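1. build the 3D model from these lines:
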Amino acid sequence: MRKGYLCFILHAHLPFVRHPEHEHFLEERWLYEAITETYIPLIEMFDELVEENIPFRLTLSVSPPLLSMLSDGLLQQRYLRHLDQLIELAEKETARTWESPFHATALMYRDRFYRARYVFTEKYRGNIINAWKKFRALGRLEIITCAATHGFLPLLITQPEAVRAQIGVAVDLFTKHFGDKPAGFWLPECAYAQGIDDILKEFDIKYFFTDTHGVMYASHRPRYGVFAPIFCPTGVAVFGRDVESSKQVWSANEGYPGDFDYREYYRDIGYDMPFDYIHPYIHPDGIRVNTGIKYYRITGKGNHKEPYDRYNALRKADIHAGNFLFNREHQIRYLNTLMDRDPVIIAPYDAELFGHWWFEGPDWLKFVLRKAHYDFPMIETITPSDYLKKYPCNQVARPCPSSWGHKGYNEVWLCHANDWIYRHLHIAAERMIELAEQYHHAGATVQRALKQAARELLLAQSSDWAFIMHTGTMVDYAIRRTKQHISNFLRLYDQIKYNHIDVGWLEDLERRNNIFPDINVSYYRKAGAPLKTAAAV
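-> Model (predicted):
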C-alpha cells in the first residue's frame, strides 16, 4: 500500500522581552503564559507518547529570542514566582467554587499548575530547553531555528549583510544550545525574497518553508504542487504549506478551535472577578490581565456562555483528530493517483496556538499522533530532513516573493501603521556595516560597544513590533521598543565614531539587553570579507 507523509511544524516564538529594571513588567507575562499554557503541555504530551512508544516525528522551530529567554536565570526565577501565584489563586478557586458548576474545572487548573511546577523545576531543572534536547536525542523532534530576532527578511534584504547577521547569529545560538547546526530554517512570517536562500546556503541550511503561493507561483510551475519540495537554484529546498490541513486547524470560524464545546479564551477570572478578590494576582498597578483560569466554553456566537465541560471538550478533540486524519487519508489517496512518489503534506502552525489560544490543542495533537500510528497505516509522520533523504532529487525553481498573513505579500509588515520604521532600520544597518568594516581590529571597549550596537539593531528589526503596530494591540510598547533600540544604536554609533564611549551606560545596556552574549559582529562586514567562526569570536 502506498503511503503519504504528514509533516507537522510548530513554530515557537516570542519577542525578546526582558526588563530587569522593573520587578513586575506587564509584557513579560507573554513568556510566562506561553510556558504554562503551551510549552509545558506540549512537553507533557510528548512524554506521554514516548512512554507509549509511539514513533512520532515532528519538527519544532525555536526562535533565538525564545531560546534566550528560556535559558535566562532572571526570567526563570520570575516565571517560578508567577507560577506559585497561579497555584495560590487556583487553591483559592477550588474553595470558592465548591458548590458551583465550575468546581471540576477549578480542580483541573489547580492540578495543571502543580504539574507545570513539577515539570519545570524537578523534571527539567528550570530550563525546558532540556526537554526539547531529550526529545531530539530520542529521534522524536527535529529542531530548527529562525532569524536572530525574527526580522522580516524581505524588507531588510536591501542590505544583505543585515540578513546575513540575522541568519548567522541565529545559527550560532542554535549551535551553542544544541551542539550542531540546524538543518532547517523558519523564515519569519514565512516571508521570502530572492537572495535570502543564497545566505541560507552560506550557513549550510538545507531547507525552509513558504506559504502555499510561494511554491505554487514559483518561476516554474511545480510538478507536484506543494506536496513535494522544490530546490532553489542554490540547492536549498523549499516546502510549501498545505491549504487544507492549515485551514482546518487555524480558522476559528471554519476550523476545529471554534467548536462550541471548546474553552472560551476571552472569559478569564482576571476580568470577571471583583477587584478586591483578584487584585493580588493581576498587575500590582491594578491592571487587569488574563490569569489563565477560564470557566466557560465557547457555547455559541453570542455573549451567552455556558460552563466548560472538560470531558466533552476532550471527546470533541478526539473526534476532530480522527476527522483530520480521515481528510488527510483521502487527500493522500487522491494525490497517489497523480504522483509517482509519496506526497508530503506540510502542516505548519504557530506553537502558541496549541494550549494558549486553543486550550485543547495539545490534546488534539496527541490524539492525531496516536491515531496516525494505530488507525491510519497510510499516513506516516515525517520531518523535512527525512523526506529529503527519501527523495533527494527535486525540481529546481525560484520561489515567488511572498509571506503568510493578510493577502500574503508583506502587507501586514509594511502598512500605514508601521511603514515609518524601515527608513530608520535601513540607515542603522548601513551604519552597522560601516562600524563592522572600520573597527573590527579596535580595542576591547570598542568591541563591546560594537557588539551592543549589533544587539540593539537586531532587537529593533524584530517583526513583532511591526505586527503589533498593524494589529493595534500594545502599540505604545511596540513603538517604544523600536524607537528605544534605534536610539541606543545611534548613540553607540556616535560614541564609537568619536572615541568617547560612556562605559557606565554601555554596562547598563549590556545588563538590560543581554541577548546574544557571543554575538559575531563580522557578519555585518561586506560580502567577500573573511568571516570569523563563532568559536573564534
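2. output the lengthiest strand in the chain as PDB - backbone C-alpha positions only.
-> Across the chain, the longest stretch assigned as strand under DSSP state E is strand 4-12. These are the backbone C-alpha positions of strand 4-12, laid out as PDB (Å, rounded to 0.1, in the frame of the first residue of the first chain):
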ATOM      1  CA  GLY A   4       1.700   9.700   2.300                       C
ATOM      2  CA  TYR A   5       3.600  11.700   4.800                       C
ATOM      3  CA  LEU A   6       2.300  14.300   7.300                       C
ATOM      4  CA  CYS A   7       4.800  16.900   8.300                       C
ATOM      5  CA  PHE A   8       3.900  19.000  11.400                       C
ATOM      6  CA  ILE A   9       5.900  22.100  12.000                       C
ATOM      7  CA  LEU A  10       5.400  24.000  15.200                       C
ATOM      8  CA  HIS A  11       7.000  27.500  15.200                       C
ATOM      9  CA  ALA A  12       7.700  28.600  18.800                       C
END
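3. now the element after it, going C-ward?
-> helix 29-34 (DSSP states H and E).
4. coming back round to it: the longest strand of the chain pairs with which strands?
-> Applying DSSP bridges to the sheet, strand 4-12 is found paired with strand 58-62 (parallel), strand 344-350 (parallel), strand 379-381 (parallel).
5. and among those strands, the most buried is which?
-> Each of the strands paired with strand 4-12 was scored by mean neighbour count; the highest is strand 58-62, a mean of 25, by mean count of other C-beta atoms under 10 Å. (Each C-beta comes from the backbone N, C-alpha and C, glycine too.)
6. most distant residue from the middle of the protein?
-> Centroid-distance maximum for the chain: Glu99 at 40.3 Å, with C-alpha atoms, centre = their mean.
7. can you get me a residue count around the nearest residue to Ala436 once chain neighbours are set aside?
-> Spatially, and ignoring its direct neighbours in sequence, Ala436 is nearest to Tyr524 (3.7 Å; C-beta to C-beta, 6 or more residues apart in numbering). For Tyr524, the tally of surrounding residues (other C-beta atoms under 10 Å) stands at 26.
8. is it true that Tyr524 touches Glu161?
-> Yes - under the criterion of C-beta atoms under 8 Å, Tyr524 makes contact with Glu161 at 4.9 Å.
9. just checking, Leu80 touches Thr121?
-> Yes - between Leu80 and Thr121 a contact is recorded at 6.9 Å, counting by C-beta under 8 Å.
10. so how far is Glu352 from Phe25?
-> With distances taken as C-beta to C-beta, to the nearest Å, Phe25 is found 19 Å from Glu352.
11. comparing these two, which residue is more hemmed in?
-> Per other C-beta under 10 Å, whichever of Phe25 and Glu352 has more neighbours is Glu352, with 21 against 15.
12. doesn't that one fall inside a helix?
-> Yes - per DSSP: H, G, I helix; E, B strand; the rest coil, Glu352 lies within a helix segment.
13. what's it in contact with, if anything?
-> Taking C-beta atoms under 8 Å, 6 or more residues apart in numbering as the criterion, Glu352 is in contact with Ala12, Leu14, Ala34, Thr38.
14. on the pLDDT front, check the closest residue to Tyr308 other than its chain neighbours for me.
-> The shortest distance from Tyr308 to any non-neighbouring residue, by C-beta to C-beta, 6+ apart, is to Arg297 (4.5 Å). The per-residue pLDDT reported for Arg297 equals 98.
15. now do the phi/psi pair for Arg297.
-> phi -100, psi 170 (degrees, to the nearest 10).
16. what's the pLDDT at Ala536?
-> Predicted confidence (pLDDT) for Ala536: 37.
17. going along the chain, name the strands of the stretch 101-250 of the chain.
-> Secondary structure of the stretch 101-250 of the chain (DSSP state E, counting those that start in this stretch): strands located at 141-146, 184-186, 207-210, 230-231, 237-240.
18. among those, which is nearest Thr59?
-> strand 141-146 (4.7 Å; C-beta to C-beta).
19. so which bits of that closest one are buried?
-> Of the residues in strand 141-146, Leu141, Glu142, Ile143, Ile144, Thr145, Cys146 count as buried by neighbour count, 16 or more other C-beta atoms under 10 Å.
20. thought Phe178 was touching Lys134?
-> No - counting by C-beta under 8 Å, Phe178 does not reach Lys134; the two are 11.7 Å apart.
21. pLDDT weak spots in the protein?
-> Where the chain drops to pLDDT under 70, the residues are 252, 527-537.
22. try 90
-> Applying pLDDT under 90 to the chain flags residues 1-2, 23-26, 246-248, 250-255, 405-406, 440-441, 473, 526-537.
23. quick one, domains of it?
-> Residue ranges for the domains of the chain, per automatic domain parsing: 4-407, 415-536.
24. first residue to last residue on the first one, what's the distance there?
-> Think domain 4-407. Start and end residues of domain 4-407 are separated by 30 Å (C-alpha to C-alpha, to the nearest Å).
25. partner residues bridging Asp350?
-> Beta-bridge pairing of Asp350 under DSSP bridges involves His11.
26. okay but Ser462 is in contact with Leu153, surely?
-> No - applying C-beta under 8 Å as the test, Ser462 and Leu153 come out as separate, 12.0 Å apart.
27. may I see the buried residues of stretch 422-442?
-> Within stretch 422-442, the residues scored as buried using 16+ other C-beta under 10 Å are Tyr422, His424, Leu425, Ala428, Ala429, Arg431, Met432, Ile433, Leu435, Ala436, Tyr439, His440.
28. okay, now Gly184: neighbour count?
-> 25.
29. and the strands paired with strand 4-12 as JSON lines, adding distance to Leu492?
-> Formatted as JSON lines, the strands paired with strand 4-12 follow (distance: least, C-beta to C-beta, whole Å):
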{"stretch": "strand 58-62", "distance to Leu492": "29"}
{"stretch": "strand 344-350", "distance to Leu492": "33"}
{"stretch": "strand 379-381", "distance to Leu492": "47"}
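30. quick one: closest of those strands to Asp508.
-> Asp508 lies closest, by C-beta to C-beta, to one member of those: strand 58-62, at 28.8 Å.
31. now whichever helix or strand comes after that closest one, how far from the chain's geometric center?
-> Downstream of strand 58-62, the next assigned helix or strand under DSSP H and E is helix 64-70. What separates the centre of helix 64-70 from the centre of its chain is 10 Å, taken as C-alpha atoms, centre = their mean, to the nearest Å.
32. who touches helix 64-70?
-> Under C-beta under 8 Å, 6+ apart, the answer for helix 64-70 is 12-18, 31, 35, 75-76, 127-129, 145-150, 169-170, 173-174, 177, 462, 515-516.
33. which residue packs closest to Ile128, ignoring adjacent ones?
-> Spatially, and ignoring its direct neighbours in sequence, Ile128 is nearest to Tyr39 (5.6 Å; C-beta to C-beta, 6+ apart).
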